[in-house]
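Colleague: Below are the sequence and a predicted model; questions follow.
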Amino acid sequence: MSEAVTRTVTTPPGLLASLDPLLREWLPRQRWFAGKGRPVTGFSLVAATELLPPTAKLGLYHLLVRAHQPLQPGHGGPEQPGDCYQLFIGVREALPPRLAPALIGHVTRGPLAGRTVYEALHDTRPAELLLEALRTQARIGGLRFERDPRQEIRSGLVPRLVTAEQSNSSVVYGDTFILKLLRRIVPGINPDLELPLALARVGCPRVPPPTAWLVAEPDEAPGPPPSAEPYVLGVLQPYVQGATDGWELALRELAKGEDFVAESRALGRATAEVHTALTRALPTVTLGHAQLRSLVAGMTERLEAAVHAVPALRPYADGLRSAFTALDDLAAEGRVWTAQRVHGDLHLGQCLRSPTGEWSLIDFEGEPARPLAERRMPQPAVRDVAGMLRSFDYAARSVDPPQPDWAVRCRAAYCSGYAEAAGRDPRTDPVLLRAYETDKAVYEVVYEARHRPEWLPVPMAAAHRLASSDLI
Ligand SMILES: Nc1ncnc2c1ncn2[C@@H]1O[C@H](COP(=O)(O)OP(=O)(O)O)[C@@H](O)[C@H]1O
Ligand SMILES: O=P(O)(O)O[C@H]1O[C@H](CO)[C@@H](O[C@H]2O[C@H](CO)[C@@H](O)[C@H](O)[C@H]2O)[C@H](O)[C@H]1O
């Protein structure tokens, strides 16, 4: 194992002030920016680390910045403390044409006046530096680069930024590793590292095992002090070469007029295997009436908030609410459920099929908009099943004309595959399944309204269906 490299660094005073006007304009345009719809009125610095001192050619800063946003657009009302974002700011005299899409802007004042700043993950040298820091377990300022000593990281792997639509940002190194850099940083243990590490401990081959990870020391981190836990900023894991994700595959089959039954069944089995491994790796609990009540209360609250945010949901609100009250009624009769750690945001895009036909699950972060403590709570495994059922519906409705029967066949095959591997069929719990599918569709309505309004009709169609049927 190589020696840990420790470097203490300082950043120039006035750095954030000089970037402020550029970031105000650039940050809200990023896909991973969580505060869409509300203007950014300023920033405060949580931590700044100089990863490369700015020479005439290149500089690199790692920033954790809090973006201030008023609660109501246009009302100038009270400001929330704001979300904290991880940024990699490259500094150059001028950008070569290949880096044009990475431009943040030209700095006119402060320590970087006259220089050009850009999103450094697009650039080879900064991306190489991150892998090298993980490989050598560097400590730079408040940043700690750590790794699993049993896995080897070769040096010199060529980086490329993943350009797909993402909630975070990822860099692939030589088709060998993928480094996911989290964008919105929240205090606490991040399940995107926690769960794959736990699964690796019990030897679950369905989830790529973390190779290395990047954390911020507690006093550099965005939480309220004093906080003892380091904050996860990124995770490196083996890259599944030549993989196709389930979403792409499903759309391909739909375009050919083919069904997706065999793959749906295999996906059901893979999900069940991961769920079983999670029960071996981490504690399970029994949910009685009190816990169910609070779960139902959470679902109902999210529905109310969604109706407020997306008024088109209003006509369905009563019908959707009935999915939650039905669950409450069952709990009141004394039904109990087992809860365990789950994926939390499972959909076709989180499933990768290798060229040999093996499925892996990725992205255990949970729904990014939910509080971390909630994402880490044990929940009925049916929650992930419901996520996948929604995903088949999404795929079937993203083609013209929609293919609802295709989705019905996938949903049935997925549940059968799940039952084969888990020993219990999720359809034997229809009230729980409907409640979770409803909760997911409500989440999707808000997600699409905020991030991809043109997709809104897809979860709205589900809201219509779920509001008017007793069972799924
Ligand atoms: N281990 C992996 N092997 C191959 N591709 C991967 C791997 N992990 C992630 N990817 C690719 O990167 C994309 C984004 O990863 P993901 O963890 O879902 O990030 P995000 O949370 O930003 O959506 C995935 O859709 C997939 O295409
Ligand atoms: O970026 P993440 O993968 O963490 O998840 C978010 O974005 C997803 C879309 O990219 C979103 O998923 C929704 O759209 C999918 C099709 O693009 C569909 O397969 C999913 O079923 C649907 O929920 C996900 O909800 C969101 O958290």
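Modeller: Structure received. Residues are numbered from 1 along each chain as shown. Ligands and ions are numbered 1, 2, ... in the order given.

Colleague: In the stretch 101-250 of the chain, what residue lies closest to ligand 2?
Modeller: Per Cβ to the nearest ligand atom, Ser167 is where the stretch 101-250 of the chain lies closest to ligand 2, at 3.6 Å. C-betas here are computed from N, CA, C, even on glycine.

Colleague: Is that residue in contact with Glu367, as I believe?
Modeller: No: if you go by Cβ atoms under 8 Å, Ser167 and Glu367 don't touch, sitting 9.5 Å apart.

Colleague: Mind checking which of the two has more residues around it?
Modeller: Ser167 (19 against 15; other Cβ atoms under 10 Å).

Colleague: give me phi/psi at the residue of the stretch 1-150 of the chain found nearest ligand 1?
Modeller: In the stretch 1-150 of the chain, the residue that lies nearest ligand 1 is Trp32 (7.0 Å; Cβ to the nearest ligand atom). In terms of degrees, to the nearest 10, the main-chain angles of Trp32 are phi -80, psi 0.

Colleague: Go ahead and confirm it touches Gln166.
Modeller: Yes: assessed by Cβ under 8 Å, Trp32 is found in contact with Gln166 at 6.5 Å.

Colleague: Which one's more surrounded, these two?
Modeller: Applying other Cβ under 10 Å to Trp32 and Gln166 shows that Trp32 carries more neighbours, namely 18 against 14.

Colleague: if I pick the closest residue to Ala212 other than its chain neighbours, what's in contact with it?
Modeller: Once flanking residues are discounted, Ala212 sits nearest to Arg147: 3.5 Å by Cβ to Cβ, 6 or more residues apart in numbering. Counting by Cβ atoms under 8 Å, 6 or more residues apart in numbering, Arg147 touches Leu134, Arg135, Gln137, Ile153, Thr211, Ala212, Trp213, Leu236.

Colleague: before we move on, what about Thr338?
Modeller: Counted by Cβ under 8 Å, 6+ apart, Thr338 has contacts Thr284, Val285, Thr286, Leu287, Pro380, Ala381.

Colleague: Direction included, what does the host helix or strand of it pair up with?
Modeller: Assigned by DSSP states H and E, Thr338 belongs to strand 337-339. Its sheet considered, strand 337-339 pairs with strand 285-287 (antiparallel) by DSSP bridges.

Colleague: Would you mind listing the buried residues in the strand it pairs with?
Modeller: Leu287 (16 or more other Cβ atoms under 10 Å).

Colleague: List the contacts of that strand.
Modeller: Contacting residues not belonging to strand 285-287 are listed as Gln291, Leu295, Val336, Trp337, Thr338, Ala339, Gln340, Pro378, Pro380 [Cβ under 8 Å, 6+ apart].

Colleague: next SSE after that strand?
Modeller: Once the chain leaves strand 285-287, the next helix or strand it forms, by DSSP H and E, is helix 289-309.

Colleague: thinking again about what came up before, tell me the confidence at the residue nearest to Ala212?
Modeller: As predicted, Arg147 sits at a pLDDT of 96.

Colleague: coming back round to it: quick one, phi psi at the residue of the stretch 101-250 of the chain closest to ligand 2?
Modeller: Main-chain dihedrals, Ser167, degrees, to the nearest 10: phi -80, psi -20.

Colleague: One more: Leu87?
Modeller: Dihedral pair for Leu87: phi -130, psi 140, per degrees, to the nearest 10.

Colleague: do you know how far it is from Tyr443?
Modeller: In this view, Leu87 and Tyr443 are 27 Å apart by Cβ to Cβ, to the nearest Å.

Colleague: try Leu157
Modeller: Leu157 is 36 Å from Tyr443, where distance means Cβ to Cβ.

Colleague: can you check Val336 too?
Modeller: Distance of Val336 to Tyr443, computed by Cβ to Cβ: 25 Å.

Colleague: residues contacting the nearest residue to Pro12 once chain neighbours are set aside?
Modeller: Leaving aside its chain neighbours, Pro12 sits nearest to Pro111 (3.8 Å; criterion: Cβ to Cβ, 6+ apart). The contact partners of Pro111, by Cβ under 8 Å, 6+ apart, come to Pro12, Pro13, Gly14, Leu15, Ser18.
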